[in-house]
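K.L.:
Sequence and predicted structure are below.
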Amino acid sequence: MEILDGKTLANKIKAQAKIEIEQLKSKGIISGLAVILVGNNPASQVYVNMKTKACEEVGIYSINHRMPEEVNEKDLLYVIDMLNKNPLVNAILVQLPLPKKIDEEKVIEAIDPRKDVDGFHPYNMGKLSRGQPFIFPCTPYGIIKLFKEYKIELKGKDVCVVGAGNITGKPMSYMLLNENATVQICHIYTKNLKEKTKAADIIISATGKAHLIKEDMVKEGAIVVDVGIAKVNDKIIGDVDFENVSKIASFITPVPGGVGPMTIAMLISNTVFLSKQQNNII
Ligand SMILES: Nc1nc(=O)c2c([nH]1)NC[C@@H]1CN(c3ccc(C(=O)N[C@@H](CCC(=O)O)C(=O)O)cc3)C=[N+]21
């Protein structure tokens, strides 16, 4: 069994981004990321702080917009419009989830697709689904990078994606299909989940259900990627029962230190990409 070490690869990717950011600076271009955080969700605050810290590490100019839980949709859309028009802002991220009374779809659609660092805008999701991507959502992008780093071939592999959310499951499935993998997407209504995961060469689980994936659901020698981050008694627990599944998997990501740090690294990398795009460098 080999660990897919997201932390180490994330540091490598951030170091590369730092060099590119310095090159942009020598051309007078400063990469800028705006993060909008609505409300006081403690987990969201932790993630946003990690993003800000990563920006500081690599030299990205970052602005945090904090808005109260009770903010009305119109005010939030106004801030997005302002950021869309601000030439110092190359990338915009609205931290999810948003308070229930805000229409998430409307908010995501308000982001200029050219500044959509998460790749969540329907234009970008549509492009990705057609195999003509402009930008890749950070979490699935990080997972693909991990596969490439460890020379894991995707062409023709049977991949079982557990979880069909917009942040990971769906864009992950498109990216795998674009790599010529055979993709099965499972979700809460899936019958006989075990039968499906057990048949897979690669399992990618993104449900947030602590230890959903047990040893008896995994084929000997399979590759297991854990995107889950449930909080149980103040500890972060992944979707995968690591202790037991790691005994039979050929490659496995740990939680923490696997997919999480890769998500942050790809956010940095996407910000650099958008900065270059907007300055006609690529
Ligand atoms: N618009 C938007 N874009 C996102 O990319 C986005 C989002 N909303 N909402 C929430 C999810 C979650 N997410 C994580 C990022 C890093 C770690 C991460 O680095 N985790 C560390 C552990 C961190 C800890 O100690 O809690 C690790 O796995 O090693 C986790 C989760 C980004 N998300």
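P.N.:
Happy to help now that I have it. Just so you know, these numbers come straight off a predicted model, no measurement behind them.
K.L.:
can you tell if stretch 132-144 touches the ligand?
P.N.:
Yes - on the criterion Cβ under 6 Å from any ligand atom, stretch 132-144 is in touch with the ligand at C138. In short, each C-beta sits where N, CA and C put it, glycine included.
K.L.:
what comes up buried for that stretch?
P.N.:
Buried residues in stretch 132-144, defined by neighbour count with 16 or more other Cβ atoms under 10 Å: P133, F134, I135, F136, P137, C138, T139, P140, Y141, G142, I143, I144.
K.L.:
same for the helix or strand harbouring M172, what does it pack against?
P.N.:
M172 belongs to helix 169-178 when assigned by DSSP states H and E. Counting by 3 or more Cβ pairs under 8 Å, 6 or more residues apart in numbering; DSSP states H and E, the packing neighbours recorded for helix 169-178 are helix 122-129, helix 138-149, strand 158-162, strand 182-186.
K.L.:
Just checking: what are the partner strands of the last one?
P.N.:
Read that as strand 182-186. strand 158-162 (parallel) (DSSP bridges).
K.L.:
Tell me what angle the strand it pairs with forms with helix 169-178.
P.N.:
Strand 158-162 runs at 170 degrees relative to helix 169-178, counting by axes from the mean of the first three to the mean of the last three Cα atoms, to 10 degrees.
K.L.:
Centre of the chain to strand 158-162, how far?
P.N.:
When distances are taken as Cα atoms, centre = their mean, to the nearest Å, strand 158-162 is centred 17 Å away from the chain's centroid.
K.L.:
Could you figure out how far it is turned away from helix 138-149?
P.N.:
Going by the same axes, to 10 degrees, strand 158-162 makes 150 degrees with helix 138-149.
K.L.:
Begin at 891, not 1, for the rest of this chat.
P.N.:
Sure thing, new numbering starts at 891, so read that last one as strand 1048-1052.
K.L.:
Now tell me what touches strand 1048-1052 from outside.
P.N.:
1059, 1062-1063, 1066, 1071-1077, 1083, 1086-1087, 1089-1097, 1102-1103, 1129 (Cβ atoms under 8 Å, 6 or more residues apart in numbering).
K.L.:
go again using 7 Å as the cut-off
P.N.:
By Cβ atoms under 7 Å, 6 or more residues apart in numbering, the residues outside strand 1048-1052 that reach it are 1059, 1062-1063, 1066, 1071-1076, 1086-1087, 1089-1097.
K.L.:
Just the C-alpha atoms of that strand, please, in CSV.
P.N.:
What follows is strand 1048-1052, C-alpha atoms only, in CSV (Å, rounded to 0.1, in the frame of the first residue of the first chain):
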residue,chain,number,x,y,z
ASP,A,1048,-13.6,1.3,-13.8
VAL,A,1049,-14.1,4.2,-11.4
CYS,A,1050,-16.8,4.4,-8.8
VAL,A,1051,-17.6,7.9,-7.7
VAL,A,1052,-19.6,7.9,-4.5
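K.L.:
No further queries at this time; thank you.
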